[in-house]
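S.K.: got a predicted model here, sequence first, then my questions.
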Amino acid sequence: MSMRSLKYRLAATPFAWLDRAGLMPRPAVPVAYVVERVNWATHWDGTYVRREVERIAPGTATIVDAPWHLTGRLVHFFSQYQYEAWGPWLARSNRCVVTFYHGKREDDPAAARSIDRFLAAVPRIATVVTAASLVEQRLLAWGVPRDKLVRIPIPIDLQVFRPATPEARARARARYGVPEGHIVVGSFQKDGVDWGEGNEPKMIKGPDVLLETIGHVARARKVFVLLTGPARGYVKRGLERIGVPYAHDFIADYETLPERYAALDAYLNPSREEGGPKGIMESMATGVPIVSTRVGMAPDLIKPRMTGFMVEPGDAEGLAEAILEVADDAGLRARVVSGGYEAVRVCDAPVVGRMHYDLVVRPQLEAMGWLAD
């Protein structure tokens, strides 16, 4: 047992014992969404879903980042890794929901071990939520029962992520010192190992493909790369090596990210595996053409040359061709931007929150006796 698992077990065990003895009172709020403490994807997923569920049924849901004290609730973990850390130690009166966003055994040995532990726990999980049809089919092939599996898109707030005005676009490009005549390509993710400089690449995110793609673009046109996110050292050193100018803006507030999309001519997702990623939805919502590998939710949202561009993982040349084409063809760009904005409406937070309530929260609370007729 790792030190982290031991810490979680020590924290949760007294409440599990009291719960088994019938000494824990019925909680006032029946649903707890477990999110990461850091300003990262699952934190905002849980925050948006909880907000919308509360609009539908006030007093139903709360947010926690450490569920050790929970008893008698519907506990929704917004990643399989959070469930792996906490789930085995929680009081058995809780009913657990787990979001499985991404991962396959061939990614790396750690992913394979985590997947095996998750699948072994499926009999104890009430509902498994995933966002992408690619991952949904994978889970079914692994033996997750159809009646336990629900597909719900990752939420995005379309009141926050909106197309930029021409004035906002000009301000954004000036802020980052974009030279005249350059195509601006965005990459807003974490693609380095751990949380330091990120000089060791996290290959599943495709930082090598990103650099190869930008190299192809740079041979045809002048290009500028705008980066956000932590641990981007490998990409930054690579851009310096091939002589491509860039800016790296590590943001503290996720909801200021639309100001960065305003500077872009295209958003690049070069990953080899994803659950979303959020960049697909964010770029569509902000009127930026998405150029992506066929991962995560890309096949669900991208109709090639209608709502975005999609190639097979590893196809750097195909990614570069799409960036160049959409930058040079105003009609194609307008069609993709308009189509992408319509396609992403299914991910709007109120729509996703309603799906969570109807497909997960209400049936599970009914089964637990919280919503008796």
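M.R.: Structure received. Numbering: from 1, shown residues only.

S.K.: residues near residue 62, how many?
M.R.: 16 (other Cβ atoms under 10 Å). Placement of C-beta: from N, CA and C, glycine included.

S.K.: now do the strand or helix carrying residue 51: distance to the chain's middle.
M.R.: Assessed by DSSP states H and E, residue 51 sits inside helix 41-56. Averaging C-alpha positions (Cα atoms, centre = their mean, to the nearest Å) puts helix 41-56 13 Å from its chain's average.

S.K.: list the strands paired with the helix or strand following it, with their directions.
M.R.: Under the assignment DSSP H and E, the closest C-terminal helix or strand after helix 41-56 is strand 61-64. Strand pairing for strand 61-64, using DSSP bridges, gives strand 31-34 (parallel).

S.K.: what's in contact with the strand it pairs with?
M.R.: Here strand 31-34 makes contact (Cβ atoms under 8 Å, 6 or more residues apart in numbering) with 46, 49-50, 53, 60-65, 67, 70, 73-78, 82, 86, 361, 365.

S.K.: give me the pLDDT value at residue 19.
M.R.: Listed pLDDT for residue 19 reads 68.

S.K.: quick one on the thing from earlier: okay, buried residues for the helix holding residue 51 please.
M.R.: 41-54, 56 (16 or more other Cβ atoms under 10 Å).

S.K.: closest one of these to residue 170?
M.R.: Comparing the buried residues of helix 41-56 against residue 170 with Cβ to Cβ places residue 44 closest, at 28.3 Å.

S.K.: what sits closest to that closest one if chain neighbours are left out?
M.R.: Leaving aside its chain neighbours, residue 44 sits nearest to residue 254 (5.7 Å; criterion: Cβ to Cβ, 6 or more residues apart in numbering).

S.K.: from residue 204, how far off is the one you found?
M.R.: From residue 254 across to residue 204, the span is 22 Å (Cβ to Cβ, to the nearest Å).

S.K.: give me the number of residues near residue 24?
M.R.: 18.

S.K.: contact partners for it?
M.R.: 15, 18, 71, 72, 91, 93.

S.K.: TSV for those, including secondary structure, neighbour count and distance to residue 112?
M.R.: Formatted as TSV, those follow (DSSP: H, G, I helix; E, B strand; the rest coil; neighbours: other Cβ atoms under 10 Å; distance: Cβ to Cβ, whole Å):
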residue	secondary structure	neighbour count	distance to residue 112
15	helix	20	32
18	helix	14	36
71	coil	22	33
72	coil	17	34
91	coil	22	30
93	coil	18	32
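
S.K.: please export the C-alpha coordinates of stretch 110-125 as PDB.
M.R.: Extracted C-alpha coordinates of stretch 110-125, given in PDB (Å, rounded to 0.1, in the frame of the first residue of the first chain):
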ATOM      1  CA  ALA A 110       0.800   2.400 -14.900                       C
ATOM      2  CA  ALA A 111      -2.300   3.000 -17.000                       C
ATOM      3  CA  ALA A 112      -2.700  -0.800 -17.500                       C
ATOM      4  CA  ARG A 113      -2.500  -1.400 -13.700                       C
ATOM      5  CA  SER A 114      -5.000   1.400 -13.000                       C
ATOM      6  CA  ILE A 115      -7.400   0.100 -15.600                       C
ATOM      7  CA  ASP A 116      -7.300  -3.400 -14.100                       C
ATOM      8  CA  ARG A 117      -8.000  -2.000 -10.700                       C
ATOM      9  CA  PHE A 118     -10.900   0.000 -12.100                       C
ATOM     10  CA  LEU A 119     -12.400  -3.000 -13.900                       C
ATOM     11  CA  ALA A 120     -12.100  -5.100 -10.700                       C
ATOM     12  CA  ALA A 121     -14.100  -2.400  -8.800                       C
ATOM     13  CA  VAL A 122     -16.900  -2.100 -11.400                       C
ATOM     14  CA  PRO A 123     -19.200  -4.500  -9.500                       C
ATOM     15  CA  ARG A 124     -19.100  -2.000  -6.600                       C
ATOM     16  CA  ILE A 125     -19.800   1.100  -8.800                       C
END
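
S.K.: report the buried residues of it.
M.R.: So for stretch 110-125, counting by 16+ other Cβ under 10 Å, buried means 111, 114, 115, 118, 121, 122, 125.

S.K.: same check on stretch 28-41?
M.R.: Result for stretch 28-41 [16+ other Cβ under 10 Å]: buried residues 30, 31, 32, 33, 34, 35, 36, 41.

S.K.: now do that stretch: distance from first to last residue.
M.R.: 28 Å (Cα to Cα, to the nearest Å).

S.K.: quick check: mean pLDDT across that stretch?
M.R.: Mean predicted confidence for stretch 28-41 is 86.

S.K.: how distant is that stretch from the center of its chain?
M.R.: For stretch 28-41, the distance to the chain centre is 15 Å (Cα atoms, centre = their mean).

S.K.: repeat that for stretch 254-272.
M.R.: With Cα atoms, centre = their mean, you get 14 Å for stretch 254-272.

S.K.: secondary structure element holding residue 367?
M.R.: According to DSSP H and E, residue 367 maps onto helix 362-368.

S.K.: may I have that helix as PDB, with CA atoms only?
M.R.: C-alpha atoms of helix 362-368 as PDB (Å, rounded to 0.1, in the frame of the first residue of the first chain):
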ATOM      1  CA  ARG A 362     -32.400  11.100 -10.200                       C
ATOM      2  CA  PRO A 363     -32.300   7.300 -10.900                       C
ATOM      3  CA  GLN A 364     -29.700   6.700  -8.300                       C
ATOM      4  CA  LEU A 365     -31.300   8.900  -5.600                       C
ATOM      5  CA  GLU A 366     -34.600   7.100  -6.300                       C
ATOM      6  CA  ALA A 367     -32.800   3.800  -5.800                       C
ATOM      7  CA  MET A 368     -31.400   5.100  -2.500                       C
END
